[in-house]
Each structure stands twice: as structure tokens, then as C-alpha cells.
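Chemist: For reference, the sequence and a predicted model appear below.
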Amino acid sequence: MLRDVAVKIHETNPNWSEQKKEVYLKHATREYKIHLNLVHPRIVSLYEVFEIDGHSFATVLEHCEGPDLELYLKKNKCLPEKEARSILLQIL
């Protein structure tokens, strides 16, 4: 089956302290484990996770056309309450 996907690379910086690397990996791992269990029409699916090397891994996600919520919020800065509520209801 052929499909378009998005690949997110999670990588530690060699200049980070060991503690910072551990915290980053802990949070990134927690994020993909939670994402594996999310099934919602407004949340992209997580298809696969794989290690690249000892310092990085990748998550393979459903490809979604158009701008993401982060870009939308950066562009619009402050949203009216009605629009913010509408976005939240779509997520929930």
C-alpha cells in the first residue's frame, strides 16, 4: 500500500549534557507511546517508530495537507474566544 507520510526525526544534540539527553528521550518516548493509542479523525495517525542510530529515532506519521495548528497559532497570535473554542472542540 502506497501512501504519503510525514517523518519526524527525534535527535539529541551531542553538545547536550547527559541529563538533558535523558530528559529529551524520556519525553519524546512518552509522546510517541501516548500517540500510538490515540485514534481520532482530527489527529494524524502514528504508523511506525524506528531507531536511526544511538542518538536518534524517527516517527512515521500520517501526512496531513495544509498548515498545522502550531503554524496557524503563530500566524494569528491571539484568537477570539469563539474561534479558540471551535478549535478546541475539534481537537476534543
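Modeler: Looks like it arrived, so ask away.
Chemist: which residues are in contact with the longest helix anywhere in the chain?
Modeler: Longest among the helix segments of the chain by residue count, using DSSP state H, is helix 18-36. Helix 18-36 is contacted from outside by 10, 12-13, 16, 46, 49, 57, 59, using CB atoms under 8 Å, 6 or more residues apart in numbering. Where you see a C-beta, it was placed from the backbone N, CA and C, and this is true even at glycine.
Chemist: at 10 Å what do you get?
Modeler: 8, 10-14, 16-17, 43-49, 55-59, 61 (CB atoms under 10 Å, 6 or more residues apart in numbering).
Chemist: buried ones in the next helix or strand after it?
Modeler: Downstream of helix 18-36, the first helix or strand assigned by DSSP states H and E is strand 46-53. For strand 46-53, the neighbour count (16 or more other CB atoms under 10 Å) marks 46, 49 as buried.
Chemist: Where does pLDDT dip in this structure?
Modeler: 92 (pLDDT under 70).
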